[in-house]
Every structure is written in C-alpha cells, then in structure tokens.
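S.K.: okay, here's the prediction I keep looking at, along with the sequence it came from:
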Amino acid sequence: MKRKFLWLTSFLVSGLLIFVFFYLYYIKSPLGLEEDKLFEVKKGETGIQIINNLSNEGIIKNKFLFRIMVKIKGGDKRIIPGFYLARKNESPESFWSRLLQGDVEKYKLVIPEGYNIYQIAQVVENVKLGSAKRFLELVKDKKFIASLGYDLPSLEGYLFPSTYYFMPKTKEEDVIKEMFNKTFEVLYKEIGIPEKMPKKEIHKILTYASMIEKEAKVKEEMPLISAVFHNRIRKGMKLQCDPTVIYGLKNFNGDLTKKDLYSKHPYNTYLYYGLPPTPIANPSKEAIIAAYKPAQVDYLYFVSRNDGTHIFSKSLKEHNSAVYKFQKKNKREES
C-alpha cells in the first residue's frame, strides 16, 4: 500500500513537472505567426470571448494553456477596446501582458508645415491610413466640406500640420475631420482669433498664412513677409508671389520660368490682383499668427539673400538694388 502511494505520488509529481515544463515553454515561446497580425478587442468583451477570438483567428495555438496563463495573470481584468498588434516573434505571455496594459496599436501621422493637400494625401497613404485618391476626393467634395460647416472649393489650408495618432482602420473622413478641427482649435484657443469672426475673414487669414509659410525660411521673418503682402493688397498692387504661381501649375519641375509667370490660372498673382482663391498650403501656427498680426512696417518688396533670409525694401528702387546685389550679380559671378 505504501509502495502504491509512493508510486502514485511520484507519478503525479512527474506529471505536474512535465505540465509545468510545457506550460512555461508555451508561454515563453513565439506565437508562431507567419506575419504580424492586427487583433481587435471590442467594447464589453470578456476574457473568455477574447481568448476564443484569438483562437479562431489563429493567433494562439493552444487555447487550454493560454486560458491557464490568463487566469494566473489576471483574466478578470477588462481589456481596453481597440486594435492590438500580435507580433509573430513575441510570446503569448508578452502579448497578453500588452493587452492588459492597454497597448493599443496606433498609427503615427506626421504632417510637415507647409504641405499641400496632395502631399498630405500621399503621407496618409504611406502610413496606411487610407487611400491618397480617396483622401483627395474628400477634401474637394462639396458635400463633405458642407458637412463641416463650410462652403469651399477644397480644404486646402484647413488641415493643420501636426503629429497625429490614429487607430488602424480609421476612415479617411475621420482623419480629415481631426486635422480640420485642429485648425480651429489653434485659431480660437491658441492664437485667440474671435470665434465670431466671419468665415471669409478666416479664409483670408489662412490664405495669407499659406503664402507666408511658403515664402519664409526663417520664422522670425514671417511678420515682415506678412506686412509686405498686406501692404501690397492695401495699395492695390499685385502680390507677385512665386509660390502661388507654382501651386497653379501642372507638373511643375522645380524651375520657375518667365513663361510660367504669364500662365493663365487663378493662382497667378503676377497676372491677377488680390489674394488667390484658396490657400496654397497648410500653414503653421506661426504663419497664421503672422497673417493675423503683420509687422507694422512699410515694406512692399523682399528678395532672398540666398541664405534663407530676405532683404526688405520700401521702394522699387531699393528693391531693384537688392535684386541686383543678391540675385543678378551673384548669377553673373557664378557663370
């Protein structure tokens, strides 16, 4: 009897040790997926439901051992709803720990200052947040724009350049709305532009800001460039802003020619008076502030020093002298 008891005890201990070995081996081994896979936890799902879904999607291979691990590691805790990335080389233990921590997968979207809608659309597609084609269709869609409370030919200038984080499978509509809403958050809350300001005036500010953004290489010069544009409009002069001409050209190759300056399109501020019909880019906060509060100076012209800064002038004579010094003279010396 004693021998039977010892034998049974030995058998049970051995079995337990073997089980513990396989359990530890399983929870520490890779999931064994062919590639990383997105897994969605829906609102209100229990631990058992999540485990069943993981098994059905082939993310876990041994539901029994996984359940035991979950019991040990806190299966009663609610998992934050969202998408989680099951990495092919991580272990079941690591993956479940990330679920418990709420390590929800998010896509980082970085929109540089001064990008136009075409560039933004490509960035959105590059980070797998949607189709560039669909994005562009929406930002030019009158009905969609009207749903945001505006009547515009496009949302150019209204998509604030910043860093955003989105859940996987976020629709292009929601990406656009987030950037659009951020613009007005910056306008009203950060800059202090009155919320009662007419939409036409907001449009003007963003249009000025987009030109300032494209012309300025040094942020400190933005209020001065803004002053030049405002002064020229006030005096009934043409803006003669190169970036507006470029924006209206198809297949611009990077070299603005004299012929381009005579091209007939609504953004050519060498041919037509006043502001272009829409912004030409999506401006930074600094550019918007400069557009809203231009420097109190009498400058009407500026020309590049070829180092990122500009020479500002009040008269055409001063400007022509600066152009000769920093543009024509330099070109002659280089040739």
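M.R.: Okay, I see it.
S.K.: tally of neighbours for the residue lying closest to His265 once chain neighbours are set aside?
M.R.: Setting aside the residues directly before and after it, His265 is nearest to Gly248 in space (C-beta to C-beta, 6 or more residues apart in numbering), at 3.8 Å. The C-beta positions use only the backbone N, C-alpha and C, and glycine is treated the same way. Gly248: 19 surrounding residues under other C-beta atoms under 10 Å.
S.K.: what of Ile205?
M.R.: Burial of Ile205 is recorded as 23 neighbouring residues (other C-beta under 10 Å).
S.K.: residues contacting it?
M.R.: With contacts defined as C-beta atoms under 8 Å, 6 or more residues apart in numbering, the neighbours of Ile205 are Leu187, Ile193, Ile288, Ala291, Tyr292.
S.K.: distance of it from Pro294?
M.R.: Counting by C-beta to C-beta, to the nearest Å, the gap from Ile205 to Pro294 is 11 Å.
S.K.: what about stretch 283-302, start to end distance?
M.R.: Across stretch 283-302, the straight-line distance between its terminal residues is 20 Å, by C-alpha to C-alpha, to the nearest Å.
S.K.: break this structure down into its domains, please.
M.R.: 29-101, 107-191, 221-334 (automatic domain parsing).
S.K.: can you lay out those domains as TSV showing mean pLDDT?
M.R.: Supplementary listing: the domains of the chain in TSV, determined by pLDDT from 0 to 100:
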stretch	mean pLDDT
domain 29-101	88
domain 107-191	96
domain 221-334	91
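S.K.: could I get these as CSV with distance to Met197?
M.R.: Conversion of the domains of the chain to CSV gives the following (distance: least, C-beta to C-beta, whole Å):
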stretch, distance to Met197
domain 29-101, 38
domain 107-191, 9
domain 221-334, 10
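S.K.: quick one: closest of these to Ile212.
M.R.: Checking the domains of the chain against Ile212 by C-beta to C-beta gives domain 221-334 as the closest, at 4.6 Å.
S.K.: wait, a strand at Gly157?
M.R.: No - checked against DSSP: H, G, I helix; E, B strand; the rest coil, Gly157 lies outside a strand; its state is coil.
S.K.: for it, grab the count of nearby residues.
M.R.: Residues lying near Gly157 (other C-beta under 10 Å) number 26.
S.K.: with adjacent residues omitted, what lies nearest to it?
M.R.: Once chain neighbours are set aside, the closest to Gly157 by C-beta to C-beta, 6+ apart is Pro279, at 2.5 Å.
S.K.: SS state for the one you found?
M.R.: Here Pro279 takes the coil state, with states given by three-state DSSP.
S.K.: shouldn't it be in contact with Lys214?
M.R.: No - using C-beta atoms under 8 Å as the test, Pro279 is too far from Lys214 to be in contact (9.8 Å).
S.K.: neighbour count winner among the two?
M.R.: It is Pro279, of Pro279 and Lys214, that has more neighbours when counted by other C-beta under 10 Å, with 31 against 22.
S.K.: the more buried one and Tyr299: what is the separation?
M.R.: Between Pro279 and Tyr299 the distance, using C-beta to C-beta, works out to 22 Å.
S.K.: quick check: Phe160 touching Lys177?
M.R.: No - contact criterion C-beta under 8 Å: Phe160 and Lys177 do not qualify, at 11.7 Å.
S.K.: neighbour count: those two, which is higher?
M.R.: More neighbours surround Phe160 than the other of Phe160 and Lys177, with 23 against 15 (other C-beta under 10 Å).
S.K.: got phi/psi on the more buried one?
M.R.: Listed backbone geometry of Phe160 is phi -70, psi 130, with angles given as degrees, to the nearest 10.
S.K.: check the one 5 residues further on too.
M.R.: Torsion angles at Tyr165 (phi, psi; degrees, to the nearest 10) stand at phi -130, psi 130.
S.K.: how about the contacts made by the nearest residue to it once chain neighbours are set aside?
M.R.: When the adjacent residues along the chain are set aside, Tyr165 lies closest to Lys106, with 4.3 Å between them (C-beta to C-beta, 6+ apart). Shown here is Lys106, whose contacts under the criterion C-beta under 8 Å, 6+ apart are Tyr165, Phe166, Met167, Pro168.
S.K.: give me the pLDDT value at Lys106.
M.R.: In this model, Lys106 is scored at 89, pLDDT.
S.K.: cool, and Met1?
M.R.: pLDDT recorded at Met1 is 56.
S.K.: what do you get for Lys4?
M.R.: Per-residue pLDDT puts Lys4 at 57.
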